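Colleague: sequence first, then the predicted structure:
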Number of protein chains: 2
Amino acid sequence: MTITATARNSGNIKSVIDRLQSLLESDLEGVETLLRQRAKSPVDIIPDLSGYIVSAGGKRLRPMLTLAAAQAVGGANPSTHALAAAVEFIHTATLLHDDVVDESDLRRGKPAAKSVWGNSASILVGDFLFARAFTLMVETGSLEILDILSNASSVIAEGEVRQLAAQGKLDLPTEDYLAIIEAKTAALFEAAARAGALSGGSEDHAPALATYGKNLGLAFQIVDDVLDYGGATSIIGKAVGDDFREGKVTLPVIIARRRGQTEDHAFWERALNVETQTDNDLARAIHLIRTTGAAEATIAEAEAYAGLAKSALKTLPESQWRDVLSDLADFCVKRAY
Amino acid sequence: MTITATARNSGNIKSVIDRLQSLLESDLEGVETLLRQRAKSPVDIIPDLSGYIVSAGGKRLRPMLTLAAAQAVGGANPSTHALAAAVEFIHTATLLHDDVVDESDLRRGKPAAKSVWGNSASILVGDFLFARAFTLMVETGSLEILDILSNASSVIAEGEVRQLAAQGKLDLPTEDYLAIIEAKTAALFEAAARAGALSGGSEDHAPALATYGKNLGLAFQIVDDVLDYGGATSIIGKAVGDDFREGKVTLPVIIARRRGQTEDHAFWERALNVETQTDNDLARAIHLIRTTGAAEATIAEAEAYAGLAKSALKTLPESQWRDVLSDLADFCVKRAY
């Protein structure tokens, strides 16, 4: 497995997302209608700003996970659409707040909302979407679903705070990195899949789909973190080096530093400190991540979680939904090439 | 009614809050326990930061409103305590985000949380508390209560965005000012009282208590806004001039400008622009607000809403709870002296 496998797999990558979108076409239409309707407000900035981030560039991965989980165990219904829209609103609110916290100027290759409307509007519109997510969940009529998503939301915030505290902490243990991404990313994937299964009518399959979602989320985030050092950015449109410039200690950095020479330690200490890093540091960081084999080791870690995700699907009834969810786990890793 | 009435009424003011705290003693203990327990997290910054703002200086006005509303129509129970704690968490989350949006360095006379832990931690811990508020509400077992509070939360965010858009807008109509404070402040008072009544077991009295809460919230915010220009700051510990320095157009300013001379118009335009205001402007603003009678006119507006709040209580059964809620409406206005 090498970085040059990029071109070979890009056909498959496209086809999995296309297949999911095509299978879920009518469900996704229902979700899109809700996303538009529920972002409405007499205060113009709210639909303008939320429309900018909600309608631009997102793959709708999390709502598709909710819908496909429901379909895999019984079927999606209008209440599943409300749930899927709520999951996307929670995700969007998180993105808006993340951009302020991370001081990122770009999001999915476009100026971040906070670069257009300012930090204050991004914070407040995030709050608005988060509140609207809960109103949507009330419409599902399920206290269990509300419990799952409100718990996931506090875990996400915990993960973000923990990530903030770990900024520039070069000796971050791998286990702490994994705990951070499990909270900030995998918790919402897990909740989206578990709640989707419940919305589809199955208590029995909810734990398996939750395990699938959690491991899919871990694989997805690990790959996102390696993409930040030179993966297939054209697909997700994420500017390379964002994490680096924010001093985020991610798995490729942890592995490259662990495997590096003593003089590399000094480099990482200086370069991942936002006060002391220079313009040429990113190129050297990418070089070290490749030459130490940290990029491949990181992708291998992601592959392991994708494997766990696929294993969790084995207890589900055979269906095209189970197949596409399995392929989605592969897709999450293939993005890295 | 003059500003010099301060000393005369301070005894009554203390006694109303004391009476409420004493009547609700065991309920408030239950709420305080929840506030401590549910702010816990393995991520130290979260309990540290939230403990700083949750435990310091707040009067617990909103949870007391929820508890007293429940008591007035049937009684408070453990589920009412969860609801009251949720209301306080929503309020606290709003304060944390407000301080970042307003760039306020002080809150209740102490350094704002964001001055101690930074903007990012304040945003994320606000998100955490907001999520925990919803988990607490799930424990009430009532979808109706979740609906009321999630709707109120999106209305609050709308109000904050609207306030942001109105910053420095000197020709803000009084009606727009009232719409902003109804959303950003009165909506939570209204929801707290309505949900409290439902939690106390009464569908019938919920609308009256909602009307009470809304008008109480309006009176409370209007008085807060006049206190920012020289009211009894020693009681709420709020630094005088915060709104002024942030370019917020509030009722005392709207009235003083409307009644002022043409040269005063130019003063307000310059002084409420955060780019052009100078250190001596606050003193002149306070002078104009007093000499035009804007302070008294603002307080009279608050008194009118306090009167509407008290009228709404008439349909409730006679009780010490009804009496203390009525006195609370008077207290909200008396704070101005």
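Modeller: Yep, it's here.
Colleague: helices or strands up against the helix or strand where residue A:306 lies?
Modeller: Applying DSSP states H and E as the criterion places residue A:306 in helix A:294-312. Counting by 3 or more Cβ pairs under 8 Å, 6 or more residues apart in numbering or on different chains; DSSP states H and E, the packing neighbours recorded for helix A:294-312 are helix A:206-227, helix A:251-259, helix A:320-334. Every residue, glycine included, has its C-beta placed from N, CA and C.
Colleague: can you pull the buried residues of the first one?
Modeller: Applying a neighbour-count criterion of 16 or more other Cβ atoms under 10 Å in any protein chain shown, one finds A:206, A:208-227 buried in helix A:206-227.
Colleague: can you check the second one too?
Modeller: Of the residues in helix A:251-259, those buried by neighbour count under the rule 16+ other Cβ under 10 Å are A:251, A:252, A:253, A:254, A:255, A:256, A:257.
Colleague: next up, the contacts around the second one.
Modeller: In other words, residue A:252. Residues in contact with residue A:252 (Cβ atoms under 8 Å, 6 or more residues apart in numbering or on different chains) are A:225, A:226, A:228, A:229, A:289, A:294, A:295, A:298.
Colleague: identify the residues contacting the first one.
Modeller: Same thing as residue A:225. Residues near residue A:225 by Cβ under 8 Å, 6+ apart: A:181, A:243, A:250, A:251, A:252, A:298.
Colleague: could you rerun that using 7 Å?
Modeller: Counting by Cβ atoms under 7 Å, 6 or more residues apart in numbering or on different chains, residue A:225 makes contact with A:243, A:250, A:251, A:252.
Colleague: same deal with the last one?
Modeller: Residues counted as contacts of residue A:298 (Cβ under 7 Å, 6+ apart) are A:222, A:226, A:251, A:252, A:255.
Colleague: dump those into TSV; add pLDDT as well.
Modeller: Listed next are those as TSV, based on pLDDT from 0 to 100:
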residue	pLDDT
A:222	97
A:226	94
A:251	97
A:252	96
A:255	96
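Colleague: pick the one among the residues you listed closest to residue A:329.
Modeller: Residue A:329 lies nearest to residue A:222 out of the contacts of residue A:298, by Cβ to Cβ, at 12.5 Å.
Colleague: now do the closest residue to that closest one other than its chain neighbours: how many residues are near it, please.
Modeller: Of all residues not flanking residue A:222 in the chain, residue A:302 sits nearest, at 4.0 Å (Cβ to Cβ, 6 or more residues apart in numbering or on different chains). Residue A:302 has 25 neighbours, counted by other Cβ atoms under 10 Å in any protein chain shown.
Colleague: ok, residue A:302 touching residue A:217?
Modeller: No: using Cβ atoms under 7 Å, residue A:302 makes no contact with residue A:217, being 10.9 Å away.
Colleague: still on that earlier bit, and the helix holding residue A:306, what's buried?
Modeller: By neighbour count on 16+ other Cβ under 10 Å, the buried set for helix A:294-312 is A:294-299, A:301-303, A:305-306, A:308-310, A:312.
Colleague: compute the inter-axis angle for it and helix A:320-334.
Modeller: Here helix A:294-312 points in a direction 170 degrees away from that of helix A:320-334 (axes from the mean of the first three to the mean of the last three Cα atoms, to 10 degrees).
Colleague: which secondary structure elements does the longest helix belonging to chain A contact?
Modeller: If you go by DSSP state H, chain A has its longest helix at helix A:78-102. For helix A:78-102, the packing partners by 3 or more Cβ pairs under 7 Å, 6 or more residues apart in numbering or on different chains; DSSP states H and E come out as helix A:25-38, helix A:45-54, helix A:61-73, helix A:113-117, helix A:119-139, helix A:143-165, helix A:187-199, helix B:119-138.
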